[in-house]
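Q: got a predicted structure here, sequence first:
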There are 2 protein chains.
Amino acid sequence: MREQVQLHKDKFLEELQDFLRIPSISSLSEHKQDVREGATWVANALEKVGMENIEIIETDGHPIVYADWLHAADQPTVLIYGHYDVQPADPLELWDSKPFEPDIKDGKIYARGATDDKGQLFIHIKALELLMVERGSLPVNVKFCIEGEEEIASPHLPLFIDKNIEQLSADAVLISDTSFIEKGQPAICTVLRGALAMEVGVKTANTDLHSGSYGGGVPNAIHSLVHIFDSLHDQKGKVTVKGFYEGVPTVTEGLRKEVAAIPFDEEKAMQELELDSLYGERGFTFQEQTGIRPTLEINGVTGGFQGEGIKTIVPSEASAKISCRLVGEQDPQKVYERIEQHMKAHKLEGSRITVNSLIQAKPVSLNSQEPMIQKASDAYEKVYGVRPLFPKEGGSIPIVEVFARLLEAPVVLMGFGLPSENLHAPNEHFHLDNFTQGIETVCEYLESL
Amino acid sequence: MREQVQLHKDKFLEELQDFLRIPSISSLSEHKQDVREGATWVANALEKVGMENIEIIETDGHPIVYADWLHAADQPTVLIYGHYDVQPADPLELWDSKPFEPDIKDGKIYARGATDDKGQLFIHIKALELLMVERGSLPVNVKFCIEGEEEIASPHLPLFIDKNIEQLSADAVLISDTSFIEKGQPAICTVLRGALAMEVGVKTANTDLHSGSYGGGVPNAIHSLVHIFDSLHDQKGKVTVKGFYEGVPTVTEGLRKEVAAIPFDEEKAMQELELDSLYGERGFTFQEQTGIRPTLEINGVTGGFQGEGIKTIVPSEASAKISCRLVGEQDPQKVYERIEQHMKAHKLEGSRITVNSLIQAKPVSLNSQEPMIQKASDAYEKVYGVRPLFPKEGGSIPIVEVFARLLEAPVVLMGFGLPSENLHAPNEHFHLDNFTQGIETVCEYLESL
């Protein structure tokens, strides 16, 4: 291990724990102040390592943190992006330790945000600190653009980028918010699925009704909801919404081979997740289903009586959240409208439905042969002894498409997470050796540019 | 109005408000002490009006209150049943006043339990008080058997009755826990639907999963749930569970006419409930659907992320409550097993399902020509100026069938509620004139025996 990493590891970990203690949940308004605290924490951390021109920039939502160090004359400029906000932590009862009280165990740090994205973002801050300590300066010019709204699909960042193209301009955008293929096998993601999320409400009567007096004779909001939602997929796991697959690339033999080249152990995954079987669109492998095919998932549902025992009512209200992953040329707005149309056509008589868009992000595709990406490959190889693969990531980082388009710069998705690290789930964690080796890799990368 | 009713009305109402302040919700374990307080309150109220041999009888659940007055030699004995427990009060935000802070407004008293069943039970206690005041004794022998588990389907009362047949023996069982047809038109219910309730859980992986990494490739607990539940009814609103309708009487022209004789204004109901349309099993009227046909309703559903915004997960757990109303010779246990079987056959691959029975009660049918019921008709006519109708009630009072069978006594369902009084729903209330006229009716009835 690089000497300085070894030397400062414990201190770095203590700092990371401080960062992880902040419940900066961007989707919950009661955590607005915590999110702000996250921004302040990042700004302070950047100041401490010698970054300059630090700004906490207000938006209509959560703040953006900007900082730079621009004293490497004639050297390239790297814009580092990351996010200090995290997903909600519920269901709390499924966590082994408290989500905002970091717990170090078996070489992993457990906390909400450990891998997504505080731990990965912190790698960059500490890499710069080490380079400063080792060299007294940085080998390249660096800009930071760190947001607090990634988990709610970056509603304000695109406009900020658009208005500050010159300030943000760079030769590469460096992002660590993705995963290895598995432990020991790094990956630079080159394809990200787009995303779409919405909430759906179903309403019938103006009140819940006694199922004895009214049951069987009035519409039931949950009956309508399950009817609508069961109509969204057919028996083969295909989405039935008319026009949903418009813009989805044909799956050629070549593409199939490319996807199959990324190792994935179905049996092992099933065992780890205690699944009886996998389930998805028939005719496609798990990697294809989660990497290059679009999806529609119900993320949550609620309605009627949910307490202990029973309440014999005909519920008058029910609601749900659904989200899609999009690929190729699928247009989020069009897909949204078609799902809305489909749901309105499938509601049961006597029920009304309201739909509200929460997220819309376009799919993105990057060129793995781009020199800035190839140099990242070299850095990984130097530290991990193996060249990264270029997977098609099933997740979405909505802002990647915006950075690529507005800054006209290659985006390098240099991830240090593992797919098994429970991101967005209880017991989220981050492997400490990927934290330290991540710092080394970023140092190597910046030095190589 | 009977002079003594007029005289004591305000005091009676104050006492009723005390009774309604007790949040005796039998289905929620955190209210166990409140339910006990309900029992104590009833026992004290019975003692105050001169009842004897008062006992608060422990069960494995909530207590039963017994009391009697047996000094009317050579006169018949009436067993009065009622319940001091109430339904849960949520959703609280839909109440105009607090559910356990009674509010008197426009001649109605608003509170959880106002009509179901504290208000109606209290009518009997106060009728006895008046008779005692007026006559110094009662015209008949009276026994009280008041339970605290009606809203959770009386799990312990049947055994208590079975073990105490002699102590409880009576010439009639008198129950006020049903409704008029509409204001001014009393009813003595002679048919009650049976009931069946269960909870259903669906589980897939051992944790919620990130919809980016796993979405489209693993089973989704909510997808399985909506698939199962949407399969329970066909497009005509008929229950599709095999054998569900076994034991359901054929709907003859005669039965149709009988049901149609009970007035019901569809337009008015739709307007009051702000419904776009009614909805039920095709080929049957609303009265048939809710009175003589069996039903299956989803009462509540929950799963995945339900907070503000979105959490892009593949949920690993979902659950629901469902209940049925049964008629004729439908057997609750058989129907339960068939629904369980149906659900297990309709789950999606990769999901496991658990089912748990919460309530099972047989349907019941009483003979309206029985003298004890005809005398109740006379009492109503004397007070309200109109003879009651004999409707087939859609609701269930599981214990009615047990009383009729074990005590071999006619059950007189002398209800004083109104169908519009929001029982089991927010803003439950009870009309004060039915409270006072109810006391008069019970006095008339007991005097007539």
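A: Sure, I can see it. Numbering: from 1, shown residues only, chains lettered A, B, ... in the order given.

Q: give me the pLDDT value at the residue in the stretch 51-200 of chain A that chain B sits nearest to.
A: At 4.3 Å from chain B, A:Ala197 is the closest residue in the stretch 51-200 of chain A, using C-beta to the nearest C-beta. (C-beta placed from N, C-alpha, C; glycine too.) Note on A:Ala197: pLDDT of 94.

Q: how many neighbours does it have?
A: Close neighbours of A:Ala197, defined as other C-beta atoms under 10 Å in any protein chain shown, add up to 26.

Q: ok, now the one 5 residues further on?
A: Burial of A:Val202, expressed as a neighbour count using other C-beta under 10 Å, amounts to 29.

Q: these two touch, right, it and A:Gly350?
A: No - A:Val202 is beyond contact range of A:Gly350, at 10.5 Å (criterion: C-beta atoms under 8 Å).

Q: between those two, which contacts overlap?
A: Both A:Val202 and A:Gly350 are contacted by A:Ser224, under the criterion C-beta atoms under 8 Å, 6 or more residues apart in numbering or on different chains.

Q: quick check: nearest residue in space to the one residue in the stretch 151-300 of chain A that gets nearest to chain B, chain neighbours excluded?
A: Going by C-beta to the nearest C-beta, chain B is nearest to A:Gly212 of the stretch 151-300 of chain A, at 2.6 Å. Ranked by C-beta to C-beta, 6 or more residues apart in numbering or on different chains and with sequence neighbours excluded, the top spatial neighbour of A:Gly212 is B:Gly395, at 2.6 Å.

Q: on the pLDDT front, check that neighbour for me.
A: 76.

Q: domains in chain A, by residue range?
A: What automatic domain parsing lists as the domains of chain A is A:3-192+A:363-448, A:194-248+A:294-361.

Q: winner for burial among those?
A: Highest mean neighbour count of the domains of chain A: domain A:194-248+A:294-361, a mean of 22 (counted as mean count of other C-beta atoms under 10 Å in any protein chain shown).

Q: how far does it stretch from start to finish?
A: Counting by C-alpha to C-alpha, to the nearest Å, you get 5 Å between the two ends of domain A:194-248+A:294-361.

Q: same check, this time on stretch A:415-434
A: Span of stretch A:415-434 from end to end, C-alpha to C-alpha: 10 Å.

Q: let's verify the residue of the stretch 51-200 of chain A closest to chain B: helix, strand, or coil?
A: Per DSSP: H, G, I helix; E, B strand; the rest coil, the secondary structure class of A:Ala197 is strand.

Q: how close does it get to B:Leu449?
A: 67 Å (C-beta to C-beta, to the nearest Å).

Q: likewise A:Ser26?
A: 71 Å.

Q: out of the domains of chain A, which is closest to B:His429?
A: B:His429 sits nearest to domain A:194-248+A:294-361 of all these, at 12.4 Å, using C-beta to C-beta.

Q: leaving out sequence neighbours, find the closest residue to A:Asp171.
A: Nearest to A:Asp171 is A:Pro76, by C-beta to C-beta, 6+ apart, at 4.0 Å.

Q: let me see the backbone angles for that neighbour.
A: When read as degrees, to the nearest 10, the backbone of A:Pro76 gives phi -70, psi 160.

Q: ok, it touching A:Val142?
A: No - taking contacts as C-beta under 8 Å, A:Pro76 lies outside contact range of A:Val142: 10.1 Å.

Q: which residues touch the residue of the stretch 301-449 of chain A found nearest chain B?
A: Closest contact between the stretch 301-449 of chain A and chain B, by C-beta to the nearest C-beta, is at A:Gly395 (2.6 Å). Listed by C-beta under 8 Å, 6+ apart, the contact partners of A:Gly395 are A:Thr178, A:Leu192, A:Arg193, A:Arg325, B:His210, B:Gly212, B:Ser213.

Q: pretty sure it is in a strand, no?
A: No - counting by three-state DSSP, A:Gly395 is located in no strand; its state is coil.

Q: re earlier: okay, the domains of chain A in CSV with distance to B:Pro91 next?
A: Formatted as CSV, the domains of chain A follow (distance: least, C-beta to C-beta, whole Å):
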stretch, distance to B:Pro91
domain A:3-192+A:363-448, 20
domain A:194-248+A:294-361, 8
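
Q: I'd like to know which of the ones you listed is closest to B:Arg293.
A: So among the domains of chain A, domain A:194-248+A:294-361 is nearest, using C-beta to C-beta, at 5.9 Å.
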